[in-house]
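Visitor: sharing a sequence plus its predicted fold:
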Amino acid sequence: MRALAGVLGFALLLPAVLAEEQPMPAPLDRDAFTFLNWNLDARIETQAESLSVRGKILLRNDSTKPQTRIALQLSSSLKWASIKMKGNPVPFTAARIRSDVDHSGSVEEAVITPASPVKPGATVEIEVGYSGTVSLDTTRLASFGVPLEVRVATDYDRITPTFTCLRGVGHVLWFPVSLEPAVMSDGNRVFEETSAWAARHSLSSMKLGLAIDLPPPTSTNAQSASYEQMGGASSEQHEWQHLGLAGPVLVAGSYQILVARQDPGGPAFFVNHFSEHQAEAQDYVRVIHDTSPTVAGRSNLPMAMVELPEAQDTTFDGDSILLAPFKAIDRKSLEVTVAYQLAHKTLWSPRPWIYEGAAHLAQVLMRERQDGRASAIAFMAQRLTPLLLVDSGAPETAKSNSLINTTSEVFYRTKAMYVWWMLREIVSQRALLDSLQQYDPASDAGPSYIQKLLEKNSKKDLEWFFDDWVYQDRGLPEFKVSNAYARPSLQGIYLASATIENTGDAGAEVPVVVHTENGDVMSRLRVPAHGKTVARVEVASRPIDVTVNDGSVPEADRSDNTTLVRIGSQ
């Protein structure tokens with residue numbers, strides 16, 4: 001019996017021992033692969049609200065480890081039909097995963113196991129087929145108690161006979177992707193994931209053959225498109241040489257199309273509107289036609305402003321396509337929007353901080369053109385608070401949060417906007433605009449390309465500025481003014497002086513304003529990080545106080561930026 005018990009004991013232990021020896025599957029790394037290209041054929045049947053897609057995707061393993069599993073995700077309303085590699089079906093498991101990167105609040109994830117591990121740097125082509133419906137779905141916002149009218153004005157992606165809109169990652173996953181699951185209850189996680197995905201895939205490409213039972217053209221943010229009418233349906237080809245930061249966007253409906261701007265030898269600026277808003281569309285066309293660009297580059301891309309069906313719908317920036325409800329115009333606001341779009345039409349860059357930052361600078365320059373410097377600075381200040389919350393300048397994130405590396409919209413939009421404005425102040429507007437006009441994205445092979453272009457046109461050394469503001473994230477400066485003093489001369493001229501201190505980790509050239517009885521006198525002073533310097537300004541009337549930084553340099557605390565001037569005797 002003891003022997004039998006020993007045998008039984010050994011037998012009971014044996015499976016456990018064997019289980020321990022079996023290798024555990026490697027964790028699923030959803031960020032391992034970059035999607036380099038999508039080559040898809042899609043059919044949209046608007047009456048059935050359905051989408052069917054077949055095609056191929058090309059992925060590259062950008063991780064440091066061989067990958068034994070690949071995750072592919074779609075909106076939860078779509079279902080995987082087939083997945084193949086090298087023409088052969090590949091077994092896969094499909095599961096619904098909770099994630100707010102899609103409007104439904106979930107994604108349909110297929111996990112496949114290649115025949116052999118995909119080595120770092122290697123590419124793999126996968127043939128996919130999937131189909132399903134894309135209906136109006138506000139599930140992810142409903143779980144937070146968001147009112148229905150707000151939900152439908154935000155998550156309006158859908159397929160219907162009168163309006164079809166597919167906006168991609170962060171809205172509806174109508175093409176295969178892979179992202180780590182994120183939910184809106186987890187702070188900014190959803191926006192961080194989608195922003196990082198967009199920045200990582202901005203140079204990826206897509207070819208889309210589209211059959212849809214609506215008259216052409218379908219509006220997209222593709223760089224090129226062709227159309228063919230076949231009976232009641234249209235056959236279209238759209239090609240994105242680069243996805244940009246918005247990813248591929250499709251909009252179709254019973255639109256009437258107006259040409260708002262036609263540059264010689266280049267694609268037009270279109271305004272797509274519903275028939276009931278003909279008058280509003282004509283107003284938009286006039287403003288677009290009459291608005292002179294504030295920032296322009298060498299590119300010439302198609303551009304469209306497309307009407308959304310409901311007045312409360314939220315405006316969406318899709319790089320070269322803007323979705324917005326059409327209303328009676330506020331001319332100044334529309335000019336600011338058009339300035340941004342015209343910059344995107346002509347100034348493309350593979351670097352988000354250049355592409356988006358310069359487009360936002362175009363808006364600031366338009367506000368300055370309309371109502372002066374103070375209005376331009378106030379426009380920038382409206383965007384400042386999110387930057388103050390995230391730009392800590394911590395040494396451990398100095399590289400990852402730098403403008404050349406960041407995937408955060410707060411940095412490559414807001415901080416970059418301020419950087420371009422400060423560069424304008426340092427090198428002059430003419431030198432900056434000439435540099436952007438000469439900028440060639442094909443020649444931008446390194447981070448210092450734009451720096452050298454600006455230095456060439458301005459004859460100024462900008463290494464100190466780019467090191468503090470572009471190549472590294474050193475946070476923001478923090479200025480203080482003290483010891484302001486002035487003594488009048490026999491001719492009635494005052495020499496005002498004040499000590500300017502910067503306790504922040506980023507140096508800056510900052511405005512110093514002396515307020516006098518007869519107006520303001522501005523000078524500029526470079527104050528290094530953790531440095532002090534003395535500003536000396538001659539004024540023609542009695543000075544009252546001195547202010548450092550008029551708001552044109554981003555700064556967290558401006559409560560100690562002004563001090564009274566003490567007047568001495570002759």
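Guide: That came in fine, so what should we check first?

Visitor: the helices in the protein, which residues?
Guide: Secondary structure of the chain (DSSP state H): helices at 2-21, 139-142, 148-154, 189-200, 278-290, 331-346, 352-371, 373-381, 384-390, 409, 416-427, 429-438, 449-458, 463-469.

Visitor: which residues touch the shortest one?
Guide: Outside of helix 409, the residues within contact range by C-beta atoms under 8 Å, 6 or more residues apart in numbering are 191, 195, 356. Where C-beta positions appear, they are placed from N, C-alpha and C, glycine not excepted.

Visitor: any idea of the mean pLDDT for stretch 453-464?
Guide: The average of the pLDDT scores along stretch 453-464 is 98.

Visitor: likewise stretch 335-353?
Guide: 97.

Visitor: pipe the contacts of helix 409 into JSON lines and attach distance to Leu388 and neighbour count per row.
Guide: Below are the contacts of helix 409 laid out as JSON lines (distance: C-beta to C-beta, whole Å; neighbours: other C-beta atoms under 10 Å):
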{"residue": "Phe191", "distance to Leu388": "17", "neighbour count": "17"}
{"residue": "Ser195", "distance to Leu388": "18", "neighbour count": "23"}
{"residue": "Glu356", "distance to Leu388": "19", "neighbour count": "25"}
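
Visitor: out of those residues, which is nearest to Thr138?
Guide: Phe191 (17.9 Å; C-beta to C-beta).

Visitor: please name the nearest non-neighbouring residue to that closest one.
Guide: Glu409 (7.5 Å; C-beta to C-beta, 6 or more residues apart in numbering).

Visitor: what's the answer for Lys119, then?
Guide: Pro66 (5.2 Å).

Visitor: Ala398 too?
Guide: Nearest one to Ala398, counting by C-beta to C-beta, 6+ apart, is Gln472 at 4.6 Å.

Visitor: likewise for Leu40?
Guide: Gly55 (3.4 Å).

Visitor: measure the residue nearest to Phe191 to Glu192 for me?
Guide: Distance, Glu409 to Glu192, using C-beta to C-beta, to the nearest Å: 9 Å.

Visitor: give me the more crowded residue out of the two.
Guide: Per other C-beta atoms under 10 Å, whichever of Glu409 and Glu192 has more neighbours is Glu409, with 19 against 16.

Visitor: and the pLDDT at the nearest residue to Ser143 once chain neighbours are set aside?
Guide: The shortest distance from Ser143 to any non-neighbouring residue, by C-beta to C-beta, 6+ apart, is to Gly105 (6.7 Å). Confidence at Gly105, expressed as pLDDT, is 96.

Visitor: touching, Gly105 and Arg98? I think so.
Guide: Yes: in this structure, Gly105 is within contact of Arg98 by C-beta atoms under 8 Å, at 6.8 Å.

Visitor: between these two, tell me which one has more neighbours.
Guide: Applying other C-beta under 10 Å to Gly105 and Arg98 shows that Gly105 carries more neighbours, namely 20 against 12.

Visitor: tell me how far that one lies from Ala198.
Guide: With C-beta to C-beta as the criterion, Gly105 and Ala198 are 20 Å apart.

Visitor: adding pLDDT and distance to Lys345, write the contacts of helix 409 out as TSV.
Guide: Compiled in TSV, the contacts of helix 409 are given as follows (pLDDT from 0 to 100; distance: C-beta to C-beta, whole Å):
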residue	pLDDT	distance to Lys345
Phe191	94	26
Ser195	95	23
Glu356	98	14
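
Visitor: next, format those as a markdown table and append distance to Asp31.
Guide: Listed next are the contacts of helix 409 as a markdown table, based on distance: C-beta to C-beta, whole Å:
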| residue | distance to Asp31 |
| --- | --- |
| Phe191 | 16 |
| Ser195 | 14 |
| Glu356 | 23 |
